[in-house]
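Asker: Curious how this folds, go ahead:
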Amino acid sequence: MRAIELSGCAKLADKILRDYSEAIFRILILFSFLVLFSPVSASADCDPATTCNGNGTCSASGACVCNPGFTGASCNQCATNYYNYPQCKYCNASTTCNGRGNCNALGACVCNPGFVGASCNSCAANYYNYPDCKYCDASATCSGKGTCNPSSGACVCNTGFAGTGCDSCAPNYYNYPNCTFCNASTTCNSRGSCNALGACVCMAGYSGAACNQCASGFTGYPNCVPGALPSPAISTISPTTAPSSGGVKLVISGANFGTTGKVMFGTQPCAIQSYADSKIECELPAGQGKELAIVVQYPGINSNAAKFSYLPPQITSITPASGPSAGGTLLTVSGTSFGLKGSVTVGGKACPVSVYEHTRITCTVPAGSGAKLPVAVIAGGQISNLAAFTYSP
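Answerer: Model (predicted):
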């Protein structure tokens with residue numbers, strides 16, 4: 001009976017042992033599987049700051065996943081189109097530089113000639129019409145005779161010049177690079193032609209820079225025919241007097257003045273304002289004197305002389321009106337028509353002049369004595385009215 005009981009216990013123990021061993025085996029198998037196939041923690045073998053150089057993150061397998069612009073197992077290189085590690089700045093010649101430049105080692109655009117800007121998106125100086133950026137330099141491309149059109153870059157030539165480079169004269173302009181205007185119909189009054197220098201070459205019987213007068217031995221402009229040229233003749237002038245400061249319009253009436261000539265006022269020219277065969281207007285120069293001859297010269301023939309007089313000097317005041325008998329007082333004489341040059345006397349003695357103008361004279365009073373002595377201005381043979389100066393006792 002006891003043997004039978006032991007045999008049953010042995011069987012039970014054997015079963016328990018076999019079941020336990022199988023469980024242990026299964027646990028070992030499961031552990032091995034977990035060891036072989038469970039994901040390894042990235043933090044254990046991969047650190048973004050060091051393994052990936054701060055330019056990426058760690059994957060579940062512990063590999064670096066690089067940020068845009070970086071590449072390499074440790075994200076320690078710039079990717080294609082990225083430059084200047086560790087910045088790795090993006091630059092693409094066709095997009096960043098608009099196809100008009102290249103990327104340098106720093107990732108910046110190096111523009112082609114004629115282009116500027118961070119993206120090569122504008123024209124450089126002397127280049128025009130983006131994106132073509134045509135070269136144009138006014139001093140070189142346009143020969144210094146024009147400007148560059150800001151839109152097209154083409155030369156816009158100055159008046160009188162033509163050609164893509166403003167390197168020739170326009171029609172009716174002559175003698176490059178001067179390009180002097182000359183038109184036979186207008187410049188030469190249809191009585192001549194323009195030569196290579198742009199000057200009029202007059203027909204027979206005509207003369208003058210504009211062929212606007214009869215040549216010597218011809219008369220009757222504008223239809224010049226052989227014959228003696230009549231002398232110019234003055235009939236009247238207006239006005240016949242004027243202040244010595246000049247600037248007054250003088251009107252000369254007469255005949256045979258021609259179309260161009262000169263008016264001489266003594267030895268000075270009278271500046272022409274308008275000129276016709278029977279009437280001339282000119283501006284009187286400043287001067288002094290009386291019975292001065294006015295003559296019209298055309299062409300080189302003098303007219304009869306008309307007479308003109310500047311108004312005589314006129315004193316309106318003197319300052320001061322008195323001074324010490326030792327002299328030395330600085331006297332200011334005010335008035336009109338004192339002329340270009342003259343003298344001042346006080347009591348018949350010369351008062352040395354320091355300032356002389358048409359309306360004001362300053363002089364130094366000489367030593368003397370007496371009351372209400374005459375002060376006079378003499379200019380151009382004319383004497384003024386008298387002022388009075390008194391010496392102090």
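Asker: wait, doesn't S122 sit right on V116?
Answerer: Yes: using C-beta atoms under 8 Å, S122 is in contact with V116, at 5.7 Å. In short, each C-beta sits where N, CA and C put it, glycine included.
Asker: show me the contacts for T80.
Answerer: Listed by C-beta atoms under 8 Å, 6 or more residues apart in numbering, the contact partners of T80 are T71.
Asker: That one looks like it's in a strand, true?
Answerer: No: T80 is assigned coil when assessed by DSSP: H, G, I helix; E, B strand; the rest coil, not a strand.
Asker: Check the burial of the residue nearest to I234 when sequence neighbours are not counted by counting its neighbours.
Answerer: Leaving aside its sequence neighbours, I234 sits nearest to G254 (C-beta to C-beta, 6 or more residues apart in numbering; 4.3 Å). Neighbour count for G254, taken as other C-beta atoms under 10 Å: 19.
Asker: And for C46?
Answerer: Counted with other C-beta under 10 Å, the neighbours of C46 add up to 21.
Asker: Next: the one 3 residues further on.
Answerer: By other C-beta under 10 Å, 8 other residues sit near A49.
Asker: if I look at it, how far off is C75?
Answerer: 11 Å (C-beta to C-beta, to the nearest Å).
Asker: pretty sure P374 contacts S384?
Answerer: No: using C-beta under 8 Å, P374 is not in contact with S384, being 10.2 Å away.
Asker: More neighbours: those two, which one.
Answerer: S384 (21 against 13).
Asker: Identify the residues contacting that one.
Answerer: Applying C-beta under 8 Å, 6+ apart, the residues near S384 are 312-315, 335, 338, 376-378.
Asker: out of these, which are inside strands?
Answerer: Per DSSP state E, strands hold the following members of the contacts of S384: 314-315, 335, 376-378.
Asker: Columns neighbour count, distance to G69 and pLDDT on top of these, output as TSV?
Answerer: Converted to TSV, the ones in strands among the contacts of S384 look like this (neighbours: other C-beta atoms under 10 Å; distance: C-beta to C-beta, whole Å; pLDDT from 0 to 100):
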residue	neighbour count	distance to G69	pLDDT
Q314	16	95	97
I315	19	96	98
G335	19	92	97
A376	20	101	97
V377	28	96	98
I378	16	99	97
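Asker: Find the nearest non-adjacent residue to S231, please.
Answerer: I301 (5.2 Å).
Asker: Show the pLDDT at the residue nearest to A387 when sequence neighbours are not counted.
Answerer: Spatially, and ignoring its direct neighbours in sequence, A387 is nearest to V375 (4.2 Å; C-beta to C-beta, 6+ apart). For V375, the pLDDT comes out at 98.
Asker: likewise C9?
Answerer: 58.
Asker: was I right about Y174 contacting N183?
Answerer: No: using C-beta under 8 Å, Y174 is not in contact with N183, being 10.4 Å away.
Asker: Between those two, which has more neighbouring residues?
Answerer: Taking neighbours as other C-beta under 10 Å, Y174 and N183 compare with Y174 leading, 19 against 15.
Asker: Can you tell me the closest non-neighbouring residue to that one?
Answerer: Leaving out its chain neighbours, the residue that sits closest to Y174 by C-beta to C-beta, 6+ apart is G198, at 3.4 Å.
Asker: residues contacting that neighbour?
Answerer: Counted by C-beta under 8 Å, 6+ apart, G198 has contacts 173-175, 178-182.
Asker: Likewise for A209?
Answerer: 199-200.
Asker: Distance-wise, check it relative to C75.
Answerer: Applying C-beta to C-beta, one obtains 86 Å for the distance of A209 from C75.
Asker: Just list the residues touching P150, thanks.
Answerer: Going by C-beta under 8 Å, 6+ apart, P150 touches Y128.
Asker: what about it, distance to N92?
Answerer: 30 Å.
Asker: So E22, which state does it fall into?
Answerer: Applying three-state DSSP: E22 is helix.
Asker: ok, it - how many residues close by?
Answerer: For E22, the count of nearby residues is 10 (other C-beta under 10 Å).
Asker: what helix or strand does the residue nearest the centre of the chain sit in?
Answerer: By C-alpha atoms, centre = their mean, the chain has its centre lying nearest to T147, at 11.8 Å. Taking DSSP states H and E as the criterion, T147 maps to strand 146-148.
Asker: those strands in the stretch 1-150 of the chain, which residues are they?
Answerer: 56-58, 64-66, 70-71, 77-78, 82-83, 89-90, 101-103, 109-111, 115-116, 122-123, 127-128, 134-135, 146-148 (DSSP state E, counting those that start in this stretch).
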